[in-house]
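S.K.: got a structure for you, letters missing:
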């Protein structure tokens, strides 16, 4: 299978090259040229499979030509061997309609582990041994620690991870900054996540710098990361009756990557009813899908910092399909957005999107109510991001057919203060990360300036 850019000008690449490139040379994002389709019988046959075996069946058509079956199975086994639950992504029932899909049992207690443990192995498999790879990423909280854990100590790979200074939780920050591996470089940016993300994109759009330092990406701009996330939609759905019944998913999201993986699953034949796009008050996605208003506002800090985003990179992948997979038209729309901070979806595009997506903005008080309900009525402590998704799920339940699965994206112990304020219970740190407050931190603080970032990267090599 080969991959094309959402902006239509970059050359098509195979899976290996697209994984190593991250961002396309024309500034676009890679997507499959066409979606593989699974029959109803093939989906039903996944019901009794382990998570690893499900992943193998889903990933196989996407990696064809770049990985043989034996190596794919080896990488999958290595990726999911260090999870704290044998199911990898277990389902937990809340009531007769609502389920949680727990995606936080990986080494850094967040859903990003499911993708990045695999991506780390793919990088190690694909890199040219004669040339070091430089990974650059931006994180609003969880991507950074998951990516660092996946590549720390791997020969031939260096990682530079940017996070917005003072805008991630203490646990999230320390999960990054207490890793002492020599190939790990943490950078606190004076600005927002959007500022950090813009710096990363600027690096990739500087062709000479990108080539000189052999840059690659771990953010969800990298297709391989989204690919790994498709798996848990299939894994959950077949356990709740797919393909014979529709399954709905509520997804707390800021950057649109996790919910786009659900969109991909639907394109592949999974019987998805609706995908609920649940945002906090930084609601560019809800405004775009509900009103056609994709315009950047100021970032409001919240107790769900991983969603404090105003520029949702992966929305471009959906826009590409809403433009009829016309890369030139998508590029023109993105050029307007990048120049003005605004873009309007047409009525036809909104209608197309509404066939699968519902969008909901969840304010802090509703998030807290949802978190309290999960604890008091169901005995489940959840993190604030998951509570945003659950609030959207509960609001729209009466209009939906079939089960509603809320993606539980982080362990509640990563946000102990917010959980305690809402539920009255302070979640303890799991043993695997209980030591992080005893370890020294190591990071650099930089302004949100591209030249300062370039100089720092160049100076560490």
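M.R.: Cool, the structure landed. Just so it is clear, the model here is predicted, and its values are computed rather than measured.

S.K.: check contacts around residue 162.
M.R.: Counting by Cβ atoms under 8 Å, 6 or more residues apart in numbering, residue 162 touches 136-139, 144, 187-189, 196, 199-200, 453. Bear in mind the C-beta positions are built from the backbone N, C-alpha and C, glycine included.

S.K.: let's go with 10 Å and repeat that
M.R.: Contact partners of residue 162, counting by Cβ atoms under 10 Å, 6 or more residues apart in numbering, are 136-139, 144, 185-189, 191, 193, 195-197, 199-200, 203, 219, 446, 448, 453.

S.K.: And the pLDDT at it?
M.R.: With respect to pLDDT, residue 162 has a value of 96.

S.K.: Give the partner strands of the helix or strand hosting it in its sheet and their orientations.
M.R.: In this structure, residue 162 sits in strand 157-164 according to DSSP states H and E. Take DSSP bridges as the rule and strand 157-164 pairs in its sheet with strand 133-138 (parallel), strand 184-190 (parallel).

S.K.: what is residue 407 paired to in the beta sheet?
M.R.: Beta bridges link residue 407 to residue 101 when assigned by DSSP bridges.

S.K.: thought it was touching residue 111?
M.R.: Yes: with contact defined as Cβ atoms under 10 Å, residue 407 counts as touching residue 111 (6.8 Å).

S.K.: Name the residues contacting each of the two.
M.R.: Residues touching both residue 407 and residue 111 (Cβ under 10 Å, 6+ apart): 89, 101-104, 229, 232, 251-252, 258, 385-386.

S.K.: mind listing the helices for the stretch 351-461 of the chain?
M.R.: For the stretch 351-461 of the chain, the helices defined by DSSP state H, counting those that start in this stretch cover 364-378, 384-396, 416-423, 450-460.

S.K.: right, so of the ones you listed, which gets closest to residue 130?
M.R.: helix 450-460 (20.3 Å; Cβ to Cβ).

S.K.: Which parts of the stretch 251-400 of the chain are strands?
M.R.: For the stretch 251-400 of the chain, the strands defined by DSSP state E, counting those that start in this stretch occupy 272-279, 293-295, 342-344, 357-361.

S.K.: before we move on, back to that, what's the distance between the strand holding residue 162 and the middle of its chain?
M.R.: Here strand 157-164 is found 16 Å from its chain centre; the criterion is Cα atoms, centre = their mean, to the nearest Å.

S.K.: tell me the angle of it relative to helix 450-460?
M.R.: 150 degrees (axes from the mean of the first three to the mean of the last three Cα atoms, to 10 degrees).

S.K.: buried sites along strand 157-164?
M.R.: Buried positions in strand 157-164, judged by neighbour count with 16 or more other Cβ atoms under 10 Å: 157-164.

S.K.: quick revisit: can you say which of the strands paired with strand 157-164 is packed in most?
M.R.: For these, the largest average neighbour count (mean count of other Cβ atoms under 10 Å) is found in strand 133-138, namely a mean of 25.

S.K.: Report the angle between whichever helix or strand comes after it and strand 133-138.
M.R.: Counting by DSSP H and E, the next helix or strand C-terminal to strand 133-138 is helix 142-151. Using the same axes, to 10 degrees, the inter-axis angle of helix 142-151 relative to strand 133-138 is 160 degrees.

S.K.: Perfect, that will be all.
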